[in-house]
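quick one, what's the 3D model for this:
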Amino acid sequence: MTTIIDGRQLARELNAKTQQRVAQLAQRGITPGLAVIIVGTDPASSIYVRNKHKKAGQLGIRSVVRTFSPTVSQTELLAAVAEYNADPTIDGILVQSPLPAGLDERAVFDAIAPEKDVDGFHPLNTGKLFGNLPGPYPVSCTPQGIMTMLKSLHQPLAGKRAVVVGRSNIVGRPMAALLLNANLVVTVAHRYAQDLRALTKTADVLVVATGITHLIKAADVKPGAIVIDVGMDRDAQGKLTGDVDFDAVSPVAGAITPVPGGVGPMTIATLMQQTVDLCEWREQRGNN
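Predicted coordinates for the structure are as follows:
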């Protein structure tokens with residue numbers, strides 16, 4: 001029988017642990033702080049930021065949301081990042097992607113202090129991840145959340161074949177690094193792959209993050225594979241769905257994430273977890 005990986009339940013469990021850690025910090029007079037910068041009024045980005053802010057408040061994390069108009073200059077945006085870098089009450093800084101055209105997103109991410117890089121996008125942190133260096137350091141939240149989901153299955157993964165479809169800096173590349181660091185044999189596929197099915201059929205663990213609705217069908221999946229769907233797409237009827245044809249693939253897969261209710265909740269829960277991580281690491285460094 002196929003296991004449906006319940007991201008909502010796993011997120012509740014992770015959030016409960018995070019809330020306990022926040023309470024322990026509070027006993028020492030410490031409150032984790034998260035600053036979120038959003039530019040413009042993109043509906044999806046606004047929903048994500050609102051959900052993050054709400055969840056932070058529920059867990060006892062101080063959340064600050066700063067909204068800029070789409071006409072904000074690069075200089076103003078970098079100044080806001082520098083302000084939060086210097087603010088001792090802020091442990092994590094997140095700049096909501098994507099930024100409007102005309103702004104250098106990479107430069108903004110690079111300006112975030114590595115020790116406050118809650119999204120794990122800074123080159124110093126990604127370099128440590130790809131070098132499999134000892135921590136602690138932050139890692140991109142969606143891939144980190146997926147690793148938590150894989151661990152929840154209690155299956156040995158070392159030596160298994162993993163295929164990651166998608167190579168973005170947000171999901172695909174850090175996902176491949178985490179899987180490689182966990183001793184899986186990893187292939188990264190992308191739009192230039194000449195025979196995608198031939199690759200995906202080899203996967204014991206298949207992670208799909210392309211933004212292409214129902215790209216993966218039953219014939220693309222190895223029987224018994226673990227299938228992780230990172231997609232957040234809309235079908236012809238406007239219903240939220242994923243990059244994997246869930247109804248068709250479920251009978252083939254050994255375990256699969258639904259959309260919604262799979263990776264999405266775990267991304268936000270991991271963001272909260274990592275905000276507390278950054279706070280605890282700051283305390284250990286003695287920078288209170």
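
mind jotting down where the strands sit in the stretch 151-288 of the chain?
Using DSSP state E, counting those that start in this stretch, the strands of the stretch 151-288 of the chain run over residues 161-165, 185-189, 205-208, 226-229, 233-234, 240-241, 255-256.

which residues touch the second one?
Strand 185-189 is contacted from outside by 159-167, 172-173, 176, 179-180, 196, 199-200, 202-203, using C-beta atoms under 8 Å, 6 or more residues apart in numbering. Placement of C-beta: from N, CA and C, glycine included.

partners of that strand in the sheet?
Based on DSSP bridges, the strands next to strand 185-189 in the sheet, each with its direction, are strand 161-165 (parallel).

can you check the last one too?
Using DSSP bridges, strand 255-256 pairs in its sheet with strand 3-4 (parallel), strand 226-229 (parallel).

starting at the chain centroid, how far to it?
19 Å (C-alpha atoms, centre = their mean, to the nearest Å).

can you list contacts of it?
Taking contacts as C-beta under 8 Å, 6+ apart, the residues outside strand 255-256 that touch it are 2-5, 153, 226-229, 244, 246, 249-250.

from residue 196, how far out is residue 203?
Relative to residue 196, residue 203 is positioned 11 Å away (C-beta to C-beta, to the nearest Å).

give me the residue ranges of the stretch 101-250 of the chain where confidence is low.
Per-residue confidence for the stretch 101-250 of the chain (pLDDT under 70) gives no ranges below the cut-off.

ok, which stretches of it are helices?
All helices of the stretch 101-250 of the chain, identified by DSSP state H, counting those that start in this stretch, fall at 105-111, 123-130, 141-152, 172-181, 196-200, 246-249.

residues in contact with residue 161?
Residues near residue 161 by C-beta under 8 Å, 6+ apart: 184-185, 187, 202-205.

buried ones only from those, please, as a ChimeraX command.
Those of those that meet the burial criterion (16 or more other C-beta atoms under 10 Å) are gathered into one ChimeraX selection, given here:
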select :184,185,187,203,204,205
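
looking at the closest residue to residue 104 other than its chain neighbours now. What's its pLDDT?
For residue 104, ignoring the flanking residues on the chain, the nearest one in space by C-beta to C-beta, 6 or more residues apart in numbering is residue 74 at 6.0 Å. According to the model's per-residue confidence, residue 74 sits at a pLDDT of 97.
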